[in-house]
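Engineer: sequence isn't available, so here's the structure alone:
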């Protein structure tokens, strides 16, 4: 996998950017109903979470056939979710989850895909 997903990442950025930039660009957006504001605020993270869920739950074998996968990645996702829920800090949750996964892979407790 050299760079075949770069185009998809750029496309997803272009698709989600208007929703994320709307509060900065639209005057009077704070006067919208609370439900609409919540939707606009959460649509970007929801899209990214859906992409991440596929990356965690689906693995490819040597012939590139997808299969459901349960491994150390699920533990890292759970740690991130708990940290974000408890402390309301996504950056700390992501850093701790990545660190946990790196530690598990470095010690051989989790295979490197």
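Structural biologist: Cool, the structure landed. Note that the structure is predicted; figures quoted are calculated from it, not measured.

Engineer: which residue ranges form the strands in the chain?
Structural biologist: In the chain, strands defined by DSSP state E lie at 58-60, 66-68, listed in chain order.

Engineer: in TSV: the ones you listed, plus mean neighbour count.
Structural biologist: Glycine gets a C-beta too; all of them are placed from N, C-alpha and C. Listed next are the strands of the chain as TSV, based on neighbours: other CB atoms under 10 Å:
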stretch	mean neighbour count
strand 58-60	13
strand 66-68	9
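
Engineer: worst average pLDDT in those?
Structural biologist: Here the lowest mean pLDDT among the strands of the chain goes to strand 58-60, at a mean of 75.

Engineer: so what strands line up beside that strand?
Structural biologist: strand 66-68 (antiparallel) (DSSP bridges).

Engineer: closest to residue 93 out of the strands of the chain?
Structural biologist: strand 58-60 (22.0 Å; CB to CB).

Engineer: now do the closest one: distance to the chain's middle.
Structural biologist: Relative to its chain's centre, strand 58-60 lies at 16 Å (CA atoms, centre = their mean, to the nearest Å).

Engineer: do the same with stretch 44-56
Structural biologist: Computed by CA atoms, centre = their mean, the chain-centroid distance of stretch 44-56 equals 4 Å.

Engineer: returning to that earlier point: need the strands of the chain in JSON lines (columns: distance to residue 88).
Structural biologist: Output for the strands of the chain, formatted as JSON lines (distance: least, CB to CB, whole Å):
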{"stretch": "strand 58-60", "distance to residue 88": "29"}
{"stretch": "strand 66-68", "distance to residue 88": "31"}
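
Engineer: which of these sits closest to residue 17?
Structural biologist: Of these, nearest to residue 17 by CB to CB is strand 58-60, at 25.6 Å.

Engineer: re earlier: closest to residue 104 out of the strands of the chain?
Structural biologist: Nearest to residue 104, of all those, is strand 58-60, at 15.9 Å by CB to CB.

Engineer: so where's the protein uncertain?
Structural biologist: Applying pLDDT under 70 to the chain flags residues 1-2, 113.

Engineer: need the longest helix for it.
Structural biologist: Determined from DSSP state H, the single longest helix within the chain is helix 34-57.
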